[in-house]
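In: Sequence first, then the predicted structure, then my questions.
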Amino acid sequence: MSTYLFRRTLIAIPSLLGISLILFTVLALAPGDPFEELATNPNVPAEVRLNLRAQFGLDDPLPVRYVRWLAAMLKGEWGFSFASRINVDTLILQRLPTTIFVIGSAQLLGLLLALPIGIYSAVRPYSVFDQIATTFAYVGFSLPTFFTGLVFILVFSIYLEWLPFIFRSDLSATGLQWAWEMFRQSIMPISVLGLFQGASMTRFVRSAVLEVIKLDYINTARAKGLSEWVTIVKHVVRNALIPVVTLVALQIPGIFTGAVITEQIFRVPGIGSLLITAILANDTPVIMAIVFVFSCLVVLFNLVADIVYGWLDPRITYR
Amino acid sequence: MAANSTASGSLAGTLPLPRHRASDSLWVEALLRFRRHRLAMFGALALAVIVVAVVAGPFVYRVPINEIDFKAKLQGPSLAHPLGTDDLGQDLLARVLYGGRISLAVGVAAMLIAISVGTVVGAVSGYGSGTTDHVLMRITDLFLSLPQLPLLLLIVCLFRDMLKKLLGPEAGIFILIVAVIGGLRWMPVARLVRAQFLSIREKEFVEAARGLGVSPLRQVIRHILPNAVGPVIVAGSLDVATAIIAESSLSFLGLGFPPDIPTWGRILFDAKDNLDFAPHWAIFPGTAIFLTVLSINYIGDGLRDALDPRKVIG
Amino acid sequence: MDEHGLRALIREVEAGRLSRRVFIQTMVGLGLTAPMAAQMLASAGVAQAQPKSPAFTPAKRGGGGPVKILLWQAPTLLNPHFAVGTKDQIASRVFYEPLGSYDPEGNLVPFLAAEVPSLQNGMVTKDGLSVTWRLKKNVTWQDGKPFSADDVIFNWEYVSDPATAAVTAGPYKDIARIDKLDNHTVKIVFKNPTPFWSAPFCGATGMIIPKHLFEAFKGAKSREAPTNLRPVGTGAFKFVDFKPGDIVRGEINPSYHVANRPFFDQIELKGGGDAISAARAVIQTGEYDYAWNLQVEDDILKRLEQGGKGRVDIAATGNIEHIQLNNTDPWTEVEGERSSAKSKHPTLTDPAVRQALNLLVDRASVQEQIYGRTGLATANFLNAPEKFRSKNTRFEFTIEKANQILDQAGWKRGSDGIRAKDGKKLKYVYQTSINAPRQKNQQIVKQACAKAGIDIEIKAVTASVYFSSDPANWDTYNHFATDIQMYTTTMTEPDPGRFMDQFTSWEVSQKANKWQGRNKTRWQNTEYDKVWKAAEAEMDPVKRAALFIKMNDLVIQNVVVIPVVYRPRVAGISHRMRDAVQSGWDVDGWNLPYWYRQT
């Protein structure tokens, strides 16, 4: 196992390098110019734009830029945002707490909904409960978050006037007041995202549990006189978790990049909205930093998932 | 008992027995089982109705999709406009019917691409393991971490005009959209299939098949894949919805169909700003997407239950 | 309208038979700007209108609580000389101020200046070579240091250093030198006669940053200045907190140089989201007090306003949404270049086709059905009115006439219904950026053209690509590699000189200038060039105005472009806010110190 881990980590380094090279190339080749807004402004002389491009090293050939980026990254320098003219790590750190709180809670909510609902649906397949859960899951999934978010705003903010729909990262209140305000402004973004994630997750949990629930050893466990509940939790769920773990491992890195649309709708200052503005403004250093951290997380969590598989099902071997 | 029956069934398949008849009856049995699956039949029927409606609908209901009539804008359902009109006074029924062709085709085609690429990558990776697994999984990681927006812009820039010239505007854009959506959605499927494979390839019945000298391809197709199909079916039915929605966001990058061609996702997006004043605009395309996805899901459930002899039909 | 007509109008104003406001509106309709119109009146000796004395005269500073402003594009930096977009200028303006700026009527009003220079008070010389500014004496920077002439001179030096790469460099490039007459007086000397002497140090690009904090960070080191992120200005609010792309917060400046101002104790600028929800937050729920640049369809705005907590405020600007017709051939490569200036468009160079297209743009419907109050189809841009506010020069929309013109010119309908002549079909690709109103506009034009036998293929390019300056991408508006395109040209300066150079022959956008030339249609006309050059050197504002009107006429008569609608600026303002007015010639919040809230 430890040699396996060691090997995997060793392999991760060249693959991350490869990923970063490809990312960099895609970003460099993708159309757009960080100073495009200046180009449409007749009062900004063209020389200014050219000077800016030169100052930020945009006119150098691609390999030179990549090596420069890599060297800086190795030294722990994340780069310098074209749009904000500050260090990228400062920008990301400002956004990190909000992102982790909102997106993390949403993922948690999704999981907390999906597990019991999915399991119960699978234990009683095609029951009334299952039918209702299925229908809701598909309603939730057919409606994109831009739509459900708007429905939430219309209902809770505009008609009922219960909740604010603009998320403020620095509330002026303190103490309990702060917690209450934070709670009020977070409900909608967390629910919209959590319900959307939960909807698809429910389906996967249900399907995975359904796969194992009719297997022999489950019947054996039942025959042993174990209670239904114990059987399900101890035998069924553990064996059904493999696809669920895979999905969770796929989604955790997503916490870092956030959820662009939900953040946009509720003005949550998360990394997702930072990424999308950076992409729209062609702010390459910011995009590169976020995406690269994201790919590291992807690689890491896929490794974690592989290890968890071995724990869930000891027969899985690593070669 | 159930697991044994699968194992012995597959054993039987590998023994020199009259094979055709065995598999014939397997398929017939599966079909029968599918037909007895009430929800699956409902799903198949509903999907058939939707397909017929969008394919034949525009020939029967001959209101043009782009007739602008400001006098009739944002009207609710009426005799003249059974589903109402949008903010340019265009008839929504005509647009939903016409848009359904594109949305359905895109949704199903992109789903098939995502599922097949994902299954192949996941299966090879999960069965092969070792170097193959590493290489394939690192490619998957790469695709997972690619920032989609710049990538899409790059693809538009590189391929749009070329495909348009090669295949004509409509076919070119269709292929591009399907390839892009499918090409960026297969990774979760690959990870899921691989995870299932890792577990199943160590199960007794696969061991048994391996011991009997069954070829790896046959092991995968006959023994492992059918047992790993659950998450694939779920992912498939969810991917249809994702693809239909994704298509609409692609048109906002200039990558989708031209803006005057309606699709379900696009109608839904256009409708959102008027949701409080003209809910009918959003309800119909939304329902259409929902019904399609739901029926595909039921068909998927039915297929899985029908193909798996262990399953009890409820 | 020529010089003569203009002078007649000015006399009318002088005699009191015509209001200033109507005069200015007419000039704007002719493609001029309000500041320019105000300048014409001033030069003719018509006294400047006294700025309306504010209805609210507070007895003390502060006490108003917080004011909350929504910008749906978030500010990303707070140095006005690096401001990439309006959002950054607005955020910088909370802390920094210019010498003077333009009110909604285009009058120059002082901020850091003690008085506004003019020919009358002798501070502007007759030859247009210099202008003297007297600065306010009681002004201090928010860190307590006094504001002086050195700061003004420093800003010019800072901006004109090419290594600084300041985006505000444009208005300062004609300055030869700045003389410090005393600690609070500067004399700006221009290289050439400059009719528009108030370009530097005024308005959105005129904000002044402190010398003592930026002196060490001029040129290549400019990006390292800590003050870039923690501004110290002269404005009504002091810096508290800034998260790029999210929020800017400020608190009252207790030593602000205007007595008893500002009213509000804190200010918050929240960014992000989209325009419609910003409109909802101000107009519908009242969560915020002011929302900037509401690019929302008017129908929706009207519905939100019903029984809401806010209203829509509309300010005239010189921005115009227009359709450009390509003079060159986008579909044939000449020396590796599509739309080469050496080629000629096979069908669009036929004046009949241009006239027909002009008749097929249903501006009335575009205004009525899409833009409403937020886009005005102004007939005046087409033909200068013979009489004031003439109604008889409405844009025409007639499919019949278009058909007639095309028939007469020999364009015959083929079996597919598309007109053709000599084997050349009237089939066009019509591109614009992705933006809901624009796509609707495209559909309206497409439908009308179809009825006249012209086939239009709609193409929409994502805005970040369409407006990019990437020389390698053929989808940009700079390359204009389609037959027809549409976008809004913004008039960011109160002087139309830079605006009108987009039709001169030396600005033709082509490979040689990496498609950075401003003339996208590649229309070339020697007469136009001559008139433009004459206007550059003309010191008499009235004669100059007449020259600009002449340029407009040339463009319109030749259907170089088809103007669609003027785009005024639209803001959402809470019903309780007072004096929060927009000026089309400066950014939102230009008069922030004077805002107050009715309780």
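Out: Sure thing, it's come through.
In: Output the below-cut-off pLDDT ranges for chain B.
Out: For chain B, applying pLDDT under 70 flags the ranges B:1-27, B:129, B:169, B:251-255, B:308-314.
In: ok, 80 please
Out: Low-confidence segments of chain B (pLDDT under 80): B:1-37, B:66-70, B:72-73, B:129-130, B:146-171, B:202-205, B:222-223, B:226-228, B:248-260, B:304-314.
In: what ranges do the helices span in it?
Out: B:2-14, B:19-36, B:38-60, B:92-128, B:130-145, B:148-167, B:169-183, B:186-200, B:204-211, B:216-218, B:229-251, B:264-271, B:279-307 (DSSP state H).
In: Mind listing residues that contact the fifth one?
Out: Outside helix B:130-145, the residues that touch it by Cβ atoms under 8 Å, 6 or more residues apart in numbering or on different chains are A:11, A:15, A:18-19, A:22-23, A:250, A:253, A:291, A:294-295, A:298-299, A:302, A:319, B:121, B:124-126, B:128, B:184, B:186-187, B:190-191, B:194. (C-beta placed from N, C-alpha, C; glycine too.)
In: returning to that earlier point: among the helices of chain B, show me which one is buried the most.
Out: helix B:186-200 (a mean of 27; mean count of other Cβ atoms under 10 Å in any protein chain shown).
In: same for it, what does it pack against?
Out: For helix B:186-200, the elements it packs on are helix A:238-257, helix A:284-312, helix B:92-128, helix B:130-145, helix B:229-251, judged by 3 or more Cβ pairs under 8 Å, 6 or more residues apart in numbering or on different chains; DSSP states H and E.
In: can you pull the contacts of whichever residue of the stretch 201-319 of chain A sits closest to chain C?
Out: Distances between the stretch 201-319 of chain A and chain C by Cβ to the nearest Cβ are smallest at residue A:269, namely 3.7 Å. Contact analysis of residue A:269 by Cβ under 8 Å, 6+ apart lists A:94-95, A:98, A:167, A:169, A:263, C:243, C:245-247, C:272.
In: And residue C:145, by the same measure?
Out: Contacts for residue C:145 were tallied using Cβ under 8 Å, 6+ apart; they are C:210, C:212.
In: Next to chain B, which bits of chain C? Give me the list.
Out: Counting by Cβ under 8 Å from any Cβ of the partner chain, chain C comes close to chain B at C:276, C:296-297, C:299-300, C:303, C:365, C:368-369, C:434, C:436, C:439-440, C:442-444, C:446-447, C:457-462, C:464-466, C:473-475.
In: Pick out the residue nearest the middle of the chain.
Out: Just going to use chain A. For chain A, the residue lying nearest the average C-alpha position, counting by Cα atoms, centre = their mean, turns out to be residue A:254 (1.6 Å).
In: My question was about chain B, not that one.
Out: residue B:111 (3.0 Å).
In: Hmm, residue A:104 and the residue nearest to the centre of chain A touching each other?
Out: No - under the criterion of Cβ atoms under 8 Å, residue A:254 makes no contact with residue A:104, lying 10.3 Å away.
In: hey, what's in contact with both of these two?
Out: Residues touching both residue A:254 and residue A:104 (Cβ under 8 Å, 6+ apart): there are none.
In: still on that earlier bit, which ones are touching the residue nearest to the centre of chain B?
Out: Contacts for residue B:111 (Cβ under 8 Å, 6+ apart) come out as B:182, B:236-237, B:239-240, B:243.
In: returning to what we had before: any chance of the helices of chain B in TSV with distance to residue C:163 as columns?
Out: TSV is the format used below for the helices of chain B (distance: least, Cβ to Cβ, whole Å):
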stretch	distance to residue C:163
helix B:2-14	75
helix B:19-36	74
helix B:38-60	61
helix B:92-128	50
helix B:130-145	37
helix B:148-167	30
helix B:169-183	43
helix B:186-200	46
helix B:204-211	69
helix B:216-218	65
helix B:229-251	41
helix B:264-271	45
helix B:279-307	53
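In: tell me the contacts of the residue of the stretch 301-450 of chain C found nearest chain B?
Out: When you check the stretch 301-450 of chain C against chain B by Cβ to the nearest Cβ, the closest residue turns out to be residue C:439, at 4.1 Å. Residue C:439 sits next to B:259-260, C:432, C:458, C:460 when contact means Cβ under 8 Å, 6+ apart.
In: most surrounded residue in those residues?
Out: Among these, residue C:432 has the most neighbours (other Cβ atoms under 10 Å in any protein chain shown), with 25 neighbours.
In: To which secondary structure element is it assigned?
Out: strand C:427-433 (DSSP states H and E).
In: If you count contacts, what does that strand end up packed against?
Out: If contacts are counted by 3+ Cβ pairs under 8 Å, 6+ apart, strand C:427-433 sits against helix C:436-451, strand C:455-461, helix C:463-466, strand C:484-489.
In: Would you reformat these as CSV and include mean pLDDT?
Out: Listed next are those as CSV, based on pLDDT from 0 to 100:
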stretch, mean pLDDT
helix C:436-451, 90
strand C:455-461, 89
helix C:463-466, 78
strand C:484-489, 90
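In: still on that earlier bit, and the residues of chain C next to chain B, which of them are buried?
Out: Applying 16 or more other Cβ atoms under 10 Å in any protein chain shown to the residues of chain C next to chain B, the neighbour count classes C:276, C:296-297, C:299-300, C:303, C:365, C:369, C:434, C:436, C:439-440, C:442-444, C:446-447, C:457-462, C:464-466, C:473-475 as buried.
In: Kindly report the domain assignment for chain A.
Out: For chain A, the domain assignment from automatic domain parsing gives the residue ranges A:32-77, A:88-312.
In: Can you tell me which of those is packed in deepest?
Out: domain A:88-312 (a mean of 20).
In: Between the two ends of that one, how far is it?
Out: 39 Å (Cα to Cα, to the nearest Å).
In: quick one: residue C:192 is in a helix?
Out: No - applying DSSP: H, G, I helix; E, B strand; the rest coil, one finds residue C:192 to be coil, outside a helix.
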